[in-house]
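1. give me a model of this one.
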Amino acid sequence: PFNFNCTFTPVNYGLGLSEAELKEQNKNLSDKAIKIAKKGDYDLFIVVFTALDKLQHFHWGETEFLVEWYQRIDKILGELIRYEEERDGKLLVVSDHGFCDFDEADVQTLPKRTSSGRDLKGDHSREAIYIQKNVQKEPASIPGIANVILNEFRGEKSA
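-> Now for the predicted structure:
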């Protein structure tokens, strides 16, 4: 989380790719996010979990492995949502894209093989997640989320 009253340094500066680094990063980020959410002293709270994105590039198709990671993220989201519901706050849960098999991507965002020689199995798809609670308008597209946030938290008229 980024917070003017928060200090957080991600594992390996957020560039870790090993499962151990991602587990540590996910735990540290979750702990920090929960600490901030419990305090409830914010107007807008944003936290970004990147582990699923990184893991799906290398582990796409490994269903059991990825489901375990989705369950980890789901558990922490459940806790964060509970704190937000207690304060009757506004809630957005979003992803900027989904995932698909590397060869099925409409636009391949990365090379098939990394500079370290590791093959990618998954790439970005146009599918995404958008869940809202106590928010007045829905975005017309993923980039429209910025307008929804402006509308809800700054009183702007467009969405």
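2. could I get the full set of helices for this structure?
-> 19-39, 51-59, 63-86, 145-154 (DSSP state H).
3. buried stuff in the second one?
-> Of the residues in helix 51-59, those scored as buried under the neighbour-count criterion (16 or more other CB atoms under 10 Å) are Ala51, Leu52, Lys54, Leu55, Gln56, His57, Phe58, His59. For glycine as for every other residue, the C-beta is placed from the backbone atoms N, C-alpha and C.
4. report the separation between the residue nearest to the third one when sequence neighbours are not counted and His124.
-> For Lys54, the nearest residue in space outside its immediate sequence neighbours is Leu17; the separation is 6.0 Å by CB to CB, 6 or more residues apart in numbering. In this structure, Leu17 and His124 are separated by 17 Å, where distance is defined by CB to CB, to the nearest Å.
5. of these two, give the one with the bigger neighbour count.
-> More crowded of Leu17 and His124, by other CB atoms under 10 Å: His124, with 21 against 14.
6. that one reaches Asp101, doesn't it?
-> No. Counting by CB atoms under 8 Å, His124 stays clear of Asp101, with 11.3 Å between them.
7. anything in contact with each of those two?
-> When CB atoms under 8 Å, 6 or more residues apart in numbering defines a contact, no residue borders His124 and Asp101 alike.
8. centre of the chain to stretch 109-123, how far?
-> Taking CA atoms, centre = their mean, to the nearest Å, one finds the center of stretch 109-123 at 21 Å from the center of the full chain.
9. which other residues reach that stretch?
-> By CB under 8 Å, 6+ apart, stretch 109-123 touches 56-62, 99-102, 104-105, 108, 124.
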